[in-house]
Structure formats: structure tokens, C-alpha cells
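> Below is the sequence, then the predicted model.
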Amino acid sequence: MSSTRLIYGFHALTAKLRQDPDAIKEILVDGSRQDVRMRDLMKLAEFHGVRMIESDGRRLDGMLPGARHQGVIACIEGGRKMAHLDDVLDTLEEPAFLLVLDGITDPRNLGACLRVADAAGVHAVIAPKDRAAGLTDVAAKTACGAAESVPYVMVTNLARTLRELKERDIAVIGAAGEAENSLYAADWPQASAWVLGAEGEGMRRLTRENCDQMVRIPHYGMVESLNVSVAAGVCLFEARRRRK
């Protein structure tokens with residue numbers, strides 16, 4: 001028997017309707033919402049032939065206790081699948097562009113990083129299976145649809161994975177506040193994997209040792225560190241700017 005899962009929020013549902021509408025079994029909507037966002041979502045669902053069921057806020061709250069579902073919940077056919085790194089890399093038609101997260105345990109930070117990765121055109125986000133946030137409903141909600149569009153690869157041994165990336169001629173670049181080289185002064189090839197650790201703790205020693213180089217984001221104020229999703233955005237968009 002195939003499994004099902006729930007996704008919620010306007011961004012996530014809109015992204016799913018545009019990318020994979022056949023996977024949506026039905027969408028439950030709060031009948032008291034008649035605003036523009038709801039009408040646009042209903043038009044998109046109708047266009048793709050997705051069944052809409054009018055419900056009420058209390059029932060939706062009961063389906064996802066504590067979640068900010070915004071009055072829309074979709075039942076999706078099949079569980080969320082983890083991507084395999086080789087499958088991603090073997091099908092690329094351009095130099096690899098990857099984000100590696102080490103020690104990111106907050107699902108909201110993961111979701112924000114996925115959203116940034118999607119905006120920057122990253123091919124995949126890689127994280128270790130231990131000391132890492134899974135792709136939970138909270139992470140997916142924060143990602144605003146990017147959890148459905150950006151492959152999320154969880155690996156058993158992150159240090160070994162970084163070595164395998166280097167064997168594929170993908171430069172591994174770590175971002176850390178104590179690095180000597182500035183992000184804007186450093187050079188790197190187009191095929192690159194950007195490694196970021198959690199705010200405060202940073203990346204693990206073995207992860208750091210497997211980076212080809214370390215760079216820092218220049219700071220001009222009193223704050224010593226950035227949230228990981230903000231730091232990822234700065235690094236990824238600078239890398240995107242330099243890609244041909």
C-alpha cells in the first residue's frame with residue numbers, strides 16, 4: 001500500500017501543483033477564507049484537475065496541531081524521497097553547484113537553507129544523517145516549496161562524501177568566520193560545493209580538513225556571526241554571480 005503525507009501552506013502547495021500535480025490526492029481548504037491567495041490556489045488546482053474539499057479551521061488544526069497551515073492542507077501520494085548524490089551528479093549538464101550543511105539541527109534553519117538553495121539554482125543540498133535536521137513538515141513549510149524542488153541528500157559519512165566530490169573535480173569550499181581569505185577575494189572553479197556549519201559551533205574538524213579552502217564573509221558591524229541560511233545566501237549568490 002502506498003504511503004501518504006501532508007503538506008501545507010500556500011507556497012508549498014503552489015510549488016507542488018506546478019511541479020507534480022498528479023501526486024496530490026486532494027486539497028482541504030478552510031471555507032471561511034475567500035481572499036485572493038485562496039482564489040488563486042483554487043484556480044490552479046482546478047486547472048490541474050485536483051480535487052478540492054471545503055473544510056473548517058478547527059478540522060485543519062486537528063490534522064496538523066501547532067502548524068501554521070494558512071487554511072490549506074494537501075494529501076500527497078507517496079512519502080518524501082531522499083535523493084541519491086550519484087543520481088544527481090550523473091545527470092548534470094553543467095558544473096555541479098552544491099550546498100553542504102554540517103550540524104544544522106534546527107528544521108527551520110534547514111528549510112530556510114533549502115529556500116536559499118532553490119533561489120540560487122543549487123543542484124542539491126547535502127547533510128549527514130547524524131547531527132542533522134531531517135526533512136520534516138516544519139522544514140518543508142519553512143522552505144516554502146523548495147523541499148519539493150531541491151534534492152536533499154543525507155549521507156552516512158560526510159567527510160568521505162566530500163572526498164568523493166573532490167575526486168569528481170568539484171571544489172569543496174568552507175565558510176567560517178575565522179578564515180583568512182575573504183569570500184570576495186578568493187577564487188574557485190565553477191564546479192563547487194559550499195560547506196557551512198551551524199551558527200556558533202561551526203563545522204566539525206573532519207569536515208573542515210576536507211575543504212579545499214576556507215573563506216569568510218566580511219563583517220562591518222558589531223555582530224560576529226550570521227544565521228546559517230543568511231550566510232548560505234551570501235556565499236551561494238556570490239558563486240552564482242561568477243558562474244558563466
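On my side now, so go ahead.
> Tell me how far the residue nearest the centre of the chain lies from residue 52.
Centroid-nearest residue in the chain: residue 114, 1.7 Å away (criterion: Cα atoms, centre = their mean). Using Cβ to Cβ, to the nearest Å, residue 114 is found at 27 Å from residue 52. The C-beta positions use only the backbone N, C-alpha and C, and glycine is treated the same way.
> repeat for residue 233
Distance of residue 233 to residue 52, given as Cβ to Cβ: 35 Å.
> before we move on, what about residue 149?
Distance from residue 149 to residue 52, by Cβ to Cβ: 23 Å.
> Which elements pack onto the helix or strand where residue 5 lies?
Per DSSP states H and E: residue 5 is located in strand 4-8. Under the contact criterion of 3 or more Cβ pairs under 8 Å, 6 or more residues apart in numbering; DSSP states H and E, strand 4-8 touches strand 72-77, helix 137-143.
> just how off-centre is the helix or strand just after it within its chain?
Where DSSP H and E defines the elements, the next helix or strand beyond strand 4-8 is helix 10-19. Helix 10-19 has its C-alpha centroid displaced from the chain centroid by 15 Å (Cα atoms, centre = their mean, to the nearest Å).
> same question, stretch 224-237
Using Cα atoms, centre = their mean, the offset of stretch 224-237 from its chain centre is 14 Å.
> Contacts for it, please.
Residues outside stretch 224-237 that contact it (Cβ atoms under 8 Å, 6 or more residues apart in numbering): 99, 101, 104, 109, 112-113, 115-117, 119-120, 122, 173, 175, 177, 183, 194, 196-200, 215, 217.
> which SS class is the residue lying farthest from the centre of the chain?
Distance from the C-alpha centroid of the chain, by Cα atoms, centre = their mean, peaks at residue 32 (31.6 Å). Judged by DSSP: H, G, I helix; E, B strand; the rest coil, the three-state class of residue 32 is coil.
> Residue 20 touches residue 145, doesn't it?
No: assessed by Cβ atoms under 8 Å, residue 20 is found out of contact with residue 145, at 11.2 Å.
> ok, those two, which is more surrounded?
For residue 20 versus residue 145, neighbours defined as other Cβ atoms under 10 Å are more numerous around residue 145 (24 against 15).
> thinking again about what came up before, out of the contacts of stretch 224-237, which sit inside strands?
Taking DSSP state E, the ones among these that sit in strands are 99, 101, 173, 175, 194, 196-197, 215.
> Any chance of the residues you listed in CSV with pLDDT and neighbour count as columns?
Below are these laid out as CSV (pLDDT from 0 to 100; neighbours: other Cβ atoms under 10 Å):
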residue, pLDDT, neighbour count
99, 98, 25
101, 97, 28
173, 98, 24
175, 96, 24
194, 98, 26
196, 97, 26
197, 94, 21
215, 97, 22
